[in-house]
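S.K.: A predicted structure for the sequence below; I have some questions about it.
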Amino acid sequence: MLKKIVALILSTSILHSSFMANADNITLPDIGTAAASTLSIGQEMEMGDYYMRMLRADAPIINDPVLNQYINDLGKKLVSKSESVQTPFHFYIIQSNVLNAFAFFGGNVVIHSKLILDTDTESQLASVMAHEIGHVTQRHLARAMEAQNRNSPYVWGATLGSILLTLADPEIGMAAMTSTMAGSAQSMISFTQSNEQEADRVGLRTLAKAGFDPFASSEFLQKLADQTRFSSKPPEILLTHPLPNSRLTDIRNRSMQYSKKNVNPSLNYYLAKARLAVLLSRYKDTGKLLVEDYKKINDPQSKIAIVYCGALTDYRGGNYQKAKQQLQPLLDNDPNNIWYIDLMTDIDLESNNISGAINRLQTALKKAPDSSALQLNLANAYVKNKNYQQAVSLLHRYTYDHNDDMNGWDLLITAYGGLRSRAQEMSARAELVALQGQFKQSIQLLQNAKNQIQGNQTMVSKIDARISQLQQLQKRYAAYKR
């Protein structure tokens, strides 16, 4: 029963929504004042930062650079067509066999890996993401607080933190939730459900404006309904969010107010599904089932993805020569494709062709200097080649631009370790553990780093300033734990 409550409160996928009948007759709330007396945008972003640190510590977030770049590029495309955007957006993939997605304060959107794997088209995936974006832009969580008699953000926030943990790790989350849910659960459920139609309307408009097929939402729901019909056990999301025929009708009616768009999935979408299937070992026999699915599609994009899937499978099996033979023609035909460059880099590093990997990455970055995946690949290649100073120089810039990416800090720790720069290594590690909300450990690491550099007043001053910042965060965020 508690699991159902959790899903109803925060599981904001399109699967528990009802569309209004007329897509052009959209009346949105005055969100300029909604919830303003309870929670400011700044407070929302602070709470989002706190919860994201919690998830990094306990949730199985997939920190794959290429997948991260893909899901964030797709999300940014949707956000660029959204209305009332007041916060930055960040998109994450979490390893989960539950088909779902959720959003929370500060523009944080989490997509379950099963959702990506089970969608048939990129428009279906985008429809779920657009719905989540709608929840954020309409400030539904802040307005839920407003509806609950203006409870303190810290009191309400403790409940939300427990819910997020439950979505990420049921055992940890449920233990935390028992002391915070109390009598407020029912009012939270009722209010959140009343906002689903609004998120549907906003999300569908965003989906259409971004160039995706507005019929994708109803198609995906129909697929789930079919699974229920021919299965003894329906998808878990449908156990907590029933799908009556009337709801499918409502969604189809709203979609029909838009023009049908025949949007072919991007190659990136196919490659993302292939990479997830292999990395998560969802399919046995080297991705056999995924390959069979792609063969049924039988278009040029899916054929390419089959080859990529085979190359990635061979690489992970240690058959580097065979992996390279499969991948090389793809890379020759599309030399700027980051999926191919990333995999060929891994093959080269394992085959001791590090200089070849570095040259390829340097060339690719000249054409795509903002690619986070390419930057991390090059930094990793520098580290493997023991070019630690070059890695440090690149990672200083990267961690400045992407200070919430654990990959960057992890590589910087290794690079400083190679240089035997103990103080800088501990400082980088302090940032990594701070991203997981471990402020006490982070501050202790910085104190230890300071002890290593007595006499260097400039670095001592920088470390002292950072310690002070972390102590302030520690004090503010402690209120959410009570």
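M.R.: All right, it came through fine. Numbers count the residues shown, from 1 in each chain.
S.K.: Now do the same for the residue nearest to the spatial centre of the chain: helix, strand or coil?
M.R.: Against the mean C-alpha coordinate of the chain, by CA atoms, centre = their mean, the closest residue is Y92 at 0.7 Å. Assigned by DSSP: H, G, I helix; E, B strand; the rest coil, the conformation of Y92 is strand.
S.K.: what helix or strand is the nearest residue to H402 once chain neighbours are set aside on?
M.R.: Excluding its sequence neighbours, the residue lying closest to H402 (CB to CB, 6 or more residues apart in numbering) is G408, at 5.7 Å. The way it works is simple: take the backbone N, C-alpha and C, and place the C-beta from them, glycine included. Element membership for G408, per DSSP states H and E: helix 406-419.
S.K.: which other residues reach that helix?
M.R.: The contact list for helix 406-419, computed with CB atoms under 8 Å, 6 or more residues apart in numbering, reads 56, 63, 65, 376, 379-380, 382-383, 386, 388-389, 391-392, 395-396, 398-399, 402, 422, 424-425, 428-429, 431-432, 435.
S.K.: and what of stretch 323-333?
M.R.: By CB under 8 Å, 6+ apart, stretch 323-333 touches 304, 307-308, 310-312, 314-315, 337, 340-341, 343-344, 347, 351.
S.K.: so where's the stretch 201-350 of the chain uncertain?
M.R.: 230-248, 282-291, 295 (pLDDT under 70).
S.K.: One more pass at 90, please.
M.R.: The stretch 201-350 of the chain contains residues with pLDDT under 90 at 201-204, 217-266, 277, 279-303, 317.
S.K.: would you list every one of the helices in it?
M.R.: Under the criterion DSSP state H, counting those that start in this stretch, the stretch 201-350 of the chain contains helices at 216-229, 236-240, 245-255, 267-279, 284-297, 300-316, 320-333, 338-350.
S.K.: Can you convert the ones you listed into JSON lines and add a column each for distance to L141 and mean neighbour count?
M.R.: Output for those, formatted as JSON lines (distance: least, CB to CB, whole Å; neighbours: other CB atoms under 10 Å):
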{"stretch": "helix 216-229", "distance to L141": "22", "mean neighbour count": "18"}
{"stretch": "helix 236-240", "distance to L141": "19", "mean neighbour count": "17"}
{"stretch": "helix 245-255", "distance to L141": "24", "mean neighbour count": "17"}
{"stretch": "helix 267-279", "distance to L141": "28", "mean neighbour count": "22"}
{"stretch": "helix 284-297", "distance to L141": "36", "mean neighbour count": "15"}
{"stretch": "helix 300-316", "distance to L141": "37", "mean neighbour count": "20"}
{"stretch": "helix 320-333", "distance to L141": "43", "mean neighbour count": "16"}
{"stretch": "helix 338-350", "distance to L141": "34", "mean neighbour count": "23"}
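S.K.: Dump the ones you listed to CSV, plus distance to A210.
M.R.: Putting the helices of the stretch 201-350 of the chain into CSV (distance: least, CB to CB, whole Å) gives the following:
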stretch, distance to A210
helix 216-229, 11
helix 236-240, 24
helix 245-255, 15
helix 267-279, 14
helix 284-297, 23
helix 300-316, 19
helix 320-333, 28
helix 338-350, 21
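S.K.: K77: which of those helices is closest?
M.R.: helix 267-279 (11.2 Å; CB to CB).
S.K.: Residues contacting the host helix or strand of T458, please?
M.R.: Element membership of T458, judged by DSSP H and E, is helix 457-481. By CB under 8 Å, 6+ apart, the residues outside helix 457-481 that reach it are 46-47, 50, 53, 154, 157-158, 161, 423, 427, 430, 434, 437, 439-440, 442-443, 446-447, 449-450, 453-454.
S.K.: I'm done for today, thanks for sticking with me.
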